[in-house]
Structure formats: structure tokens, C-alpha cells
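> after the sequence you'll find the predicted model.
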Amino acid sequence: MAEIKARHSRNIPALSESDMEKLAASRVLVVGCGGLGGNIIEYLTRAGVGALTVVDGDVFEESNLNRQILSNSGNIGQKKALAAAERVNAIDPAVEVRPVCEFLTKENASALMSDADLVVDALDNAAARLVLEDAAADARLAIVHGAICGWDLQAMLVPPGSGLLHQLYPADYTPASKTSLSFTPAACAAIEASLAVRYLCGLDTGLERNLLVGSLKDMNFDIIHFSD
């Protein structure tokens, strides 16, 4: 633990040494390396998570530059998952990172989850989220869910097999718009990362079956409870 303690000394005592050991031994699957995912990957790497699988079949476009922390004017056209892995290696070469330059599908979801302790949803469409939830249910894995639109965000811990994302996103769900500001994904990602860390450390997340919804425009936040 000596090297981990030196690198992550400011995590203590907010996190205990036992917590840090749990994080170092954890394997997290992050699906999506865009606005949400880029920040989530950054936060989990700096927090001390030992292994990350980062999944995204997309490449950077100019329109990503307003919000996606992994994008810059020099990597337009580059695979997002590869940029995520490069960023992880630059922050902490000791973290085991596996980039998967594919979109999540029914066919690959099970294999992607085979060695994960937790799944983090950084997707941008409802259909993929439902595929993610079905596969996570089969694998008996919890999902940290987050989503944003403009000024608004939401986040929740989805217990395995609960079907909460299917309740949130009906099959015919269509978002009103795909607008996204620079700071909303970062704020939502911070909440998702904190949920992931607390879950992996065995701490109360406070948002299991409870959907946090909020607006950064009026700073109004609320919690919606989903019954068992």
C-alpha cells in the first residue's frame, strides 16, 4: 500500500486505508467516454480505482469540444476509448486500463461485464441504457446511472435486476433535445464517481433506488424514490 498511500494521501481520512485497499482491488466498467464518461474516468483514476474497462465506439468531433474533457483540437477523429486509456496512463500508469473501441451491444455486453465489480452508465441514449441494464441484471451487477440535458442532470444507483432504467426510459423514449453545456456533464460525473466510490467501499450511497434530479440553472435539486 505504500505507493498507493503516497499517490492518494489526500484521500485520507475522508476515505480510510481500508477503503483505499478496496478501491485498488476494484474493477469498474465505464460505458461511454464522452462528456460524462471522460470526467468519470478521470475521477475514478484519481480516486484510486485499480482497473478500468472503458468502452466507446465513437470518435471525437468538433461539436464535442464544448464539454468532453478528453477532446481537444488535436485529436478530432481519434477513438474516444483510446484517448481515455491514454489519459488514465498519463495520470497513473499503475491503473490497469482496457480500452474497447466498440459500442455496447447485446452481443458484447456480457463479455464486457465478465470481470467487473460495478458498471457505470455514461451513455447518451435510452436504447443502449436498456441493453446495459439487461446485461447487468444477468451478471448481477449494480449500475451507477447518470444523464444530462442542458442545465439538468440526474443520477442514481440501480441495484441488479431492479429494472429501474426500464421504468425511467420507455421503449419509445425520445429526448426533447441533445443540448449539453460544458459544466453539466462534469457535475453529473462527479456525483456518479462519488456513488461508485462509495459503493465499492461498501458505504451507504444514499441514492439506491433514489433518483437525484436537479438543475444547475436554478440550483433546485430533489430526490424521487422508486419502490421495490
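The structure has been received and is ready for your questions.
> what residues of the longest helix seen in the chain count as buried?
Looking across the chain with DSSP state H, the single longest helix is helix 183-200. Of all the residues in helix 183-200, those buried under the rule 16 or more other CB atoms under 10 Å are 184-200. C-beta coordinates here come from the backbone N, C-alpha and C atoms, glycine included.
> remind me what that helix packs against, helices and strands.
helix 17-24, helix 35-47, strand 118-121, strand 143-149, strand 152-158 (3 or more CB pairs under 8 Å, 6 or more residues apart in numbering; DSSP states H and E).
> just the residues contacting the next helix or strand after it, thanks.
With elements assigned by DSSP states H and E, the helix or strand that comes after helix 183-200 is strand 210-215. For strand 210-215, contacts defined as CB atoms under 8 Å, 6 or more residues apart in numbering pick out 151-156, 164, 168, 191, 220-226.
> so for strand 210-215, mean pLDDT?
Taken as a whole, strand 210-215 carries a mean pLDDT of 97.
> run the chain-centre distance for that strand.
16 Å (CA atoms, centre = their mean, to the nearest Å).
> among the helices and strands packed on helix 183-200, which is nearest Phe103?
With CB to CB, the closest approach to Phe103 among those belongs to helix 35-47: 12.7 Å.
> flag the shaky bits of this protein, pLDDT-wise.
Low-confidence segments of the chain (pLDDT under 70): 1-5.
> nearest to the spatial middle of it, which residue is it?
Val120 (3.8 Å; CA atoms, centre = their mean).
> ok, that one to Glu133 distance?
Applying CB to CB, to the nearest Å, the value for Val120 to Glu133 is 13 Å.
> give me the common contacts of those two.
Ile143.
> returning to what we had before: pull out the buried members of the contacts of strand 210-215.
Buried residues within the contacts of strand 210-215, counting neighbours by 16+ other CB under 10 Å: Trp151, Asp152, Leu153, Gln154, Ala155, Met156, Leu164, Leu168, Ile191, Phe226.
> which parts of stretch 76-86 are buried?
Buried residues in stretch 76-86 (16+ other CB under 10 Å): Lys79, Lys80, Ala81, Leu82, Ala83, Ala84, Ala85.
> still on that earlier bit, just so I know, which of the helices and strands packed on helix 183-200 lies nearest Ser110?
Here strand 118-121 is closest among the helices and strands packed on helix 183-200 (CB to CB), at 11.8 Å.
> in the very next helix or strand once past the closest one, what's buried?
Downstream of strand 118-121, the first helix or strand assigned by DSSP H and E is helix 126-139. For helix 126-139, the neighbour count (16+ other CB under 10 Å) marks Ala126, Ala128, Arg129, Leu130, Val131, Leu132, Glu133, Asp134, Ala135, Ala136, Ala137, Ala139 as buried.
> give me the neighbour count for the spatially closest residue to the first one that is not a sequence neighbour.
Distances taken as CB to CB, 6 or more residues apart in numbering place Tyr169 nearest to Ala126, at 3.9 Å, with adjacent residues excluded. The local packing of Tyr169 (other CB atoms under 10 Å) involves 19 other residues.
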